[in-house]
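S.K.: The sequence and its predicted three-dimensional model are supplied below.
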Amino acid sequence: MSVRTRFASASLHLFEAAGELVPLPKSLREQQQALQFVRTLQGYQGAAAIGAASELGLFPYLIQPRSLQDISEEFGMPEPAARVLLDALSSAGILLQDRDGRWAMTGPASKQLLREGWSAVREMINFMLGTWNYWCELPEVLKGNEGHPTLKVYNPANPLMAEYVRMTTAMLAGPSRELVRSMDLSQVRRMICGTVGISFAAAVTQANPETELVVSCLPRLIAELPAALKQFKVREPVEIIENSGDAEEDKWGTSESYDLVFLARKFAYCGPQHGIDYLKKSMKVLSPGGYVVLWEPFADNYELVPWMATNIALVDAMLGEPQPLWKTTDVATFAEDAGYQVEIHNVARGSTSFVVARRP
């Protein structure tokens with residue numbers, strides 16, 4: 001990273017911090033806006049570098065420190081070209097250069113990118129690489145108001161649903177464990193979730209081993225279940241059901257009776273009525289005192305990093321009906337209007353929230 005770029009980045013952080021305390025003069029505010037624009041405009045270059053390194057297989061190779069010459073020879077790149085990529089990855093916090101000039105993965109990057117099984121970050125990279133060629137069609141996607149024809153969530157031929165499921169399921173594992181520790185599951189004997197909910201089901205069944213699990217998911221996601229169950233150490237579900245994504249039409253198992261329902265992203269992609277229909281269906285199948293747990297990447301979770309909220313909303317626009325991220329209070333209100341008693345649980349230091357709705 002050049003001295004000028006470092007100065008610009010530091011200046012932007014300084015302006016952002018100062019702006020939280022006192023209103024900035026117009027000239028400084030305009031400079032801040034210009035820096036934000038440049039940072040956003042150049043963001044794709046760092047993403048491209050990460051994607052290139054992933055495609056090349058660079059990350060496993062750099063679990064041990066390597067010289068520029070070694071890297072250049074191993075991957076068939078001229079040394080100046082290799083240095084360009086290494087510098088970009090260093091700026092992203094993925095690589096570190098030691099005193100001998102050798103490059104290696106940083107500790108946090110190694111944990112996320114080289115861990116066995118599903119990794120939220122690694123699957124996010126795979127998902128990003130898969131969407132790369134579709135972003136040029138964003139103007140038409142936004143005009144159409146229903147997502148990219150290929151990438152829509154309910155498109156049976158969506159080529160990236162496996163990556164999406166792995167990314168989201170892995171991301172929810174830690175927050176789910178924290179949430180479950182705060183819940184009374186003593187009366188939960190039977191629960192239902194989709195493929196994305198397997199890491200949540202793992203937390204529930206570990207806390208309450210007597211709980212029976214039913215999985216209801218889109219037909220093409222059934223193939224992901226064996227790997228998900230193995231990854232999160234969940235025993236075989238008592239029943240696996242194919243659904244269409246229509247809560248009013250789908251049957252949720254041979255016996256539609258549950259103590260816990262987990263719903264992920266039901267208020268995204270298809271408009272709020274889609275989520276409301278799932279709340280109404282859950283009310284019908286839940287026993288008195290039973291829970292429906294709703295998860296979205298809520299706007300509240302990104303107040304300190306608003307650019308993350310806007311980026312997620314843009315990805316959502318490719319997958320379905322464009323919609324700014326909901327707040328926890330929005331979804332809580334939908335649940336209350338459907339007759340539930342509602343609590344909002346903030347976990348993972350406020351980075352993740354669940355709306356827990358209880359049937360009276």
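M.R.: Ah, there it is. No experiment lies behind these values; they were computed from the predicted model shown. Numbering: from 1, shown residues only.

S.K.: Please list the residues outside the biggest helix by length in the chain that contact it.
M.R.: As assigned by DSSP state H, the longest helix anywhere in the chain is helix 161-181. Outside helix 161-181, the residues within contact range by C-beta atoms under 8 Å, 6 or more residues apart in numbering are 118-120, 123-124, 126-127, 130, 153, 195-200, 202-204, 207, 218, 220-221, 223-224, 228, 231-232, 264-265, 293, 295, 319, 345, 347-348, 351-352, 354, 356. All C-beta spots, glycine's among them, are computed from the backbone N, C-alpha and C.

S.K.: In helices, which of these fall?
M.R.: With helices taken from DSSP H, the overlap with the contacts of helix 161-181 comprises 120, 123-124, 126-127, 130, 198-200, 202-204, 207, 228, 231, 319.

S.K.: Those residues: which two are farthest apart?
M.R.: Pairwise distances across the ones in helices among the contacts of helix 161-181 (C-beta to C-beta) peak at 34.7 Å, for the pair Gly130 and Ala207.

S.K.: if we can go back for a sec, any idea which of the ones in helices among the contacts of helix 161-181 is the one closest to Arg66?
M.R.: For the ones in helices among the contacts of helix 161-181, the nearest to Arg66 is Asn126 (23.7 Å; C-beta to C-beta).

S.K.: Buried by neighbour count: which residues of the longest strand anywhere in the chain qualify?
M.R.: With secondary structure taken from DSSP state E, the chain has its longest strand at strand 286-295. By neighbour count with 16 or more other C-beta atoms under 10 Å, strand 286-295 contains the buried residues 286, 290-295.

S.K.: of the residues you listed, closest to Ile71?
M.R.: Nearest member of those to Ile71, counting by C-beta to C-beta, is Trp295, at 40.3 Å.

S.K.: quick one: contacts for that closest one?
M.R.: 172, 200, 262-265, 352-355.

S.K.: For these, give me JSON lines that also has distance to Tyr134 and neighbour count.
M.R.: Below are these laid out as JSON lines (distance: C-beta to C-beta, whole Å; neighbours: other C-beta atoms under 10 Å):
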{"residue": "Leu172", "distance to Tyr134": "25", "neighbour count": "26"}
{"residue": "Phe200", "distance to Tyr134": "29", "neighbour count": "28"}
{"residue": "Phe262", "distance to Tyr134": "29", "neighbour count": "25"}
{"residue": "Leu263", "distance to Tyr134": "27", "neighbour count": "25"}
{"residue": "Ala264", "distance to Tyr134": "23", "neighbour count": "19"}
{"residue": "Arg265", "distance to Tyr134": "19", "neighbour count": "21"}
{"residue": "Thr352", "distance to Tyr134": "27", "neighbour count": "21"}
{"residue": "Ser353", "distance to Tyr134": "29", "neighbour count": "25"}
{"residue": "Phe354", "distance to Tyr134": "30", "neighbour count": "27"}
{"residue": "Val355", "distance to Tyr134": "31", "neighbour count": "27"}
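
S.K.: which one among these gets closest to Gly275?
M.R.: Nearest to Gly275 among these, with distances taken as C-beta to C-beta, is Leu263, at 7.6 Å.

S.K.: Leu294 is in contact with that closest one, correct?
M.R.: Yes: counting by C-beta atoms under 8 Å, Leu263 does reach Leu294; the two are 5.0 Å apart.
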